[in-house]
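Participant: when you get a sec, could you give me coordinates for this:
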Amino acid sequence: MSDDDWRVLGHRPLENVADNLWRVEGDLPGLPLKRVMVVARMKDGRLVVHGAMALEESAMKAVEALGEPAVMLVPSGYHRMDAGRFARRYPKMRVYCPAGARARVAARVRLDGTYDDFAGDATVRLEPVDGIGDAEGVMRVSSEDGTTLVLNDILFNMAHPGGLGGVVTWLLGSSGGPRVSRTARIALLKDPRALARRFVALAATPALVRVMVAHHETIADRPADALRDVALTL
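Facilitator: Got it, this is the predicted structure:
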């Protein structure tokens, strides 16, 4: 099936997280991993879509009812599965990715720039993640209940699944709560100390209420402590 088709994999309903923040969890074919799309609304009503995921038409209409899908963030060179589909559905949408992922992302979808080119506003802004060669970044969302940090593959939060899939994720070091997986350490991590310092700095975010990740569960229970604990493992 080509990118020209609107290919929908299994997914859960659109979940309202905060007054200007939504989340959808979906499936990946043949894998125990769940993927996550995050939608944030800026002050002017435009939507920023992080980790775009093709949804059933009723769910897409629900997203569109929240505001204009104006910006798509392709959070890494490995999270581009539905990026081309979104770009075709919303031809006016601006598309950005981390600088270190530009070559891989540009091979799949048109780009308007890197994270450095996204102006953002007081509600939604992008920042670098040190120690990983600009391969990923962090989206910071300010809501009425506090601040949310949206990360990608550099931080996992996945419970141990059962069966053969559980054995695979355990071997990959992906499951068992907040962590930098073995896969991320091999594919992304270049300077562990720099990443540790960045996690500690993110933990000091005022009014931090949650950390959202690209795979599986949001870290909502003591997110600052979780970031500091992960930093100690690097």
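
Participant: Ala226 belongs to a strand?
Facilitator: No - per DSSP: H, G, I helix; E, B strand; the rest coil, Ala226 lies outside any strand segment and is helix.

Participant: adjust the sequence numbering to begin at 594 for everything that follows.
Facilitator: New numbering, starting at 594: the last item is Ala819.

Participant: what's the neighbour count on it?
Facilitator: Neighbours of Ala819 under the rule other C-beta atoms under 10 Å: 20. (C-beta placed from N, C-alpha, C; glycine too.)

Participant: likewise for His672?
Facilitator: Neighbour count for His672, taken as other C-beta under 10 Å: 26.

Participant: ok, Leu795 next?
Facilitator: Neighbourhood size, Leu795 [other C-beta under 10 Å]: 23.

Participant: how much space separates it from Asp705?
Facilitator: Using C-beta to C-beta, to the nearest Å, Leu795 is found at 26 Å from Asp705.

Participant: Glu608 now?
Facilitator: Distance of Glu608 to Asp705, computed by C-beta to C-beta: 28 Å.

Participant: try Met805
Facilitator: To Asp705, Met805 is 24 Å away according to C-beta to C-beta.

Participant: so the two - more neighbours on which side?
Facilitator: The residue with more neighbours, out of Met805 and Asp705, is Met805; 26 against 14, by other C-beta under 10 Å.

Participant: output the contacting helices and strands for the longest helix anywhere in the chain.
Facilitator: Secondary structure of the chain per DSSP state H: the longest helix is helix 785-796. Counting contacts by 3 or more C-beta pairs under 8 Å, 6 or more residues apart in numbering; DSSP states H and E, helix 785-796 packs against helix 816-824.

Participant: so what touches the helix it packs on?
Facilitator: Outside of helix 816-824, the residues within contact range by C-beta atoms under 8 Å, 6 or more residues apart in numbering are 742, 748, 750, 770-773, 788-790, 792-793, 795-798, 801-804, 812.

Participant: any stretches of the protein with poor pLDDT?
Facilitator: Under the criterion of pLDDT under 70, the regions of the chain flagged as low confidence span 594-597, 752-769.

Participant: break down it into its helices, ranges please.
Facilitator: With DSSP H as the criterion, the chain has helices at 650-657, 676-682, 695-699, 756-764, 775-780, 785-796, 816-824.
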